[in-house]
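Trainee: Starting from these lines, generate the structure:
(one chain, ligands or ions: 2)
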Amino acid sequence: MNGWLAGLLAVLFFSPLAFIYARAFAGRLQARAAAGGRSVAAVAVPKLVWPLVLAAALALRLSGSDLAEWQAATGSGTLAATLSLVWFLGSIAAILFFVTIPFVLGRILGAAFALMGKFAGQRDDPLSFGARGFTTDAGTADREGLGRMGFTVAIDGPAAAGKGTIAKRLADHYGFAYLDTGLLYRAIGRVAAERGLDLDDGEAMGAVARALDPAVLDDGSLRGREAGELASRVAVHPAVRSALTEFQRGFARRPGGAVLDGRDIGTVICPEAEVKIFVTASAEVRARRRTAELVAKGRSVDYATILQEVRARDERDSGRAAAPLKAAPDAALLDTSELDIEDAFRAACRIVDASPHHRNGP
Ligand SMILES: Nc1ncnc2c1ncn2[C@@H]1O[C@H](COP(=O)(O)OP(=O)(O)O)[C@@H](O)[C@H]1O
Ligand SMILES: Nc1ccn([C@@H]2O[C@H](COP(=O)(O)OP(=O)(O)O)[C@@H](O)[C@H]2O)c(=O)n1
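Mentor: Ligands and ions are numbered 1, 2, ... in the order given. Reported below is the predicted structural model:
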């Protein structure tokens, strides 16, 4: 049979295996790029050298002409010697075709997937063909043992940066529990206001925090604008913060893994979190998102007022003495100003996957 036809048939036969490898390779490339702060292309190019050399050697070997013909065509001594070497390599690659063809195809396809941003969260083991090898859903985390050991993802950042959106998506994707810690402060602010207490009285606010009934967290109206304002006022008191610390730490280390979002998760609550992400966006973008969110809920709000509120809350949260809003030194920065929800989630997945505690971490 003609060498090219044999090559084509081999490519077709091995393409499913190459595809499985390509997905895992694409995930790994993106995780490495995120971990090293480099572009996917910069990480992928060196990994393509061998596959391309092998592809060229195989093409030469399967060309149908023999080595002497090729050497006669090239003439020069060095080129002829190089051709012999490549010919030899091509012969070995052809003998081991069941390894070289999936390797070459898988790497090239995988690099292309990675450049397109596909399979970012992929953690498959390409050599595992059972259920695990094909699964990227939430259950994977537990099977990998991540959850059982306690795996905390700490997400901090200013109001409306997209913390909650990303945190929920990560929790679903990895099968972790999720805690919106802002709700705790919102609930305390709400209870204190309802009782007519002085929000500036640290001791009184601490007492409300210590007596907090977790059942009140289910009240949907807590996510509103007024509760946010009350929250940031009561959150300045050390007595309030310390009353909530133990509950949040317990949640963070629960078996099965946890994602928490707030202002001080990576700095105070869980400085030992396996993954820390500081989600941010410009004040204007955040105000636009919040305005759109409120308008969608039927509230009549104007952008200028919301922008003012966002800035005031930033100032209060960053300027307070107790656990001010700031990025932990080892947090990965995720600016979502230019990212839509899907891209922001994918970027967050790459950060999680790049964690050395993660199964596919570097
Ligand atoms: N990357 C994004 N692009 C566009 N809108 C977003 C993005 N991330 C979040 N949003 C929207 O912005 C609003 C605030 O997001 P949210 O996750 O509640 O922020 P946070 O928890 O930081 O306050 C929500 O309406 C959400 O749908
Ligand atoms: N871990 C946390 C979470 C919230 N907070 C406070 O609670 C307020 C409301 O937090 P939130 O996360 O619900 O607010 P948004 O970012 O969703 O607007 C913040 O402005 C902070 O002042 C905090 O101090 N520490």
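Trainee: Please tell me the pLDDT value assigned to residue 120.
Mentor: pLDDT recorded at residue 120 is 67.
Trainee: Mind jotting down where the strands sit in the stretch 101-250 of the chain?
Mentor: Secondary structure of the stretch 101-250 of the chain, counting by DSSP state E, counting those that start in this stretch: strands at 152-156, 177-180.
Trainee: nearest to ligand 2, of the ones you listed?
Mentor: Taking Cβ to the nearest ligand atom, strand 177-180 is the member of those nearest to ligand 2, at 6.4 Å. All C-beta spots, glycine's among them, are computed from the backbone N, C-alpha and C.
Trainee: Please see if that closest one touches ligand 1.
Mentor: No - against ligand 1, strand 177-180 shows no contacts by Cβ under 6 Å from any ligand atom, the least distance being 7.3 Å.
Trainee: which helices and strands sit right next to that strand?
Mentor: If contacts are counted by 3 or more Cβ pairs under 8 Å, 6 or more residues apart in numbering; DSSP states H and E, strand 177-180 sits against helix 163-174, helix 238-252, strand 258-262.
Trainee: and with 10 Å instead?
Mentor: Contact here means 3 or more Cβ pairs under 10 Å, 6 or more residues apart in numbering; DSSP states H and E; on that basis strand 177-180 packs against strand 152-156, helix 163-174, helix 238-252, strand 258-262.
Trainee: quick one: which of these is nearest residue 308?
Mentor: Closest to residue 308 of the helices and strands packed on strand 177-180, according to Cβ to Cβ: helix 163-174, at 20.9 Å.
Trainee: What is the closest one packed up against?
Mentor: Counting by 3+ Cβ pairs under 10 Å, 6+ apart, helix 163-174 packs on helix 139-143, strand 152-156, strand 177-180, helix 182-194, strand 258-262, strand 275-280, helix 341-353.
Trainee: try 8 Å this time
Mentor: strand 152-156, strand 177-180, strand 258-262, strand 275-280, helix 341-353.
Trainee: picking up where we left off before, okay if I get the helices and strands packed on strand 177-180 as a markdown table plus mean neighbour count and mean pLDDT?
Mentor: Below are those laid out as a markdown table (neighbours: other Cβ atoms under 10 Å; pLDDT from 0 to 100):
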| stretch | mean neighbour count | mean pLDDT |
| --- | --- | --- |
| strand 152-156 | 27 | 97 |
| helix 163-174 | 22 | 96 |
| helix 238-252 | 18 | 95 |
| strand 258-262 | 28 | 97 |
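Trainee: Select, out of the ones you listed, the one closest to ligand 1.
Mentor: Nearest to ligand 1, of the helices and strands packed on strand 177-180 and by Cβ to the nearest ligand atom, is helix 163-174 at 3.1 Å.
Trainee: any idea how far that closest one is from the chain center?
Mentor: 10 Å (Cα atoms, centre = their mean, to the nearest Å).
Trainee: okay, the angle between it and helix 341-353?
Mentor: Put simply, helix 163-174 runs at 60 degrees to helix 341-353, going by axes from the mean of the first three to the mean of the last three Cα atoms, to 10 degrees.
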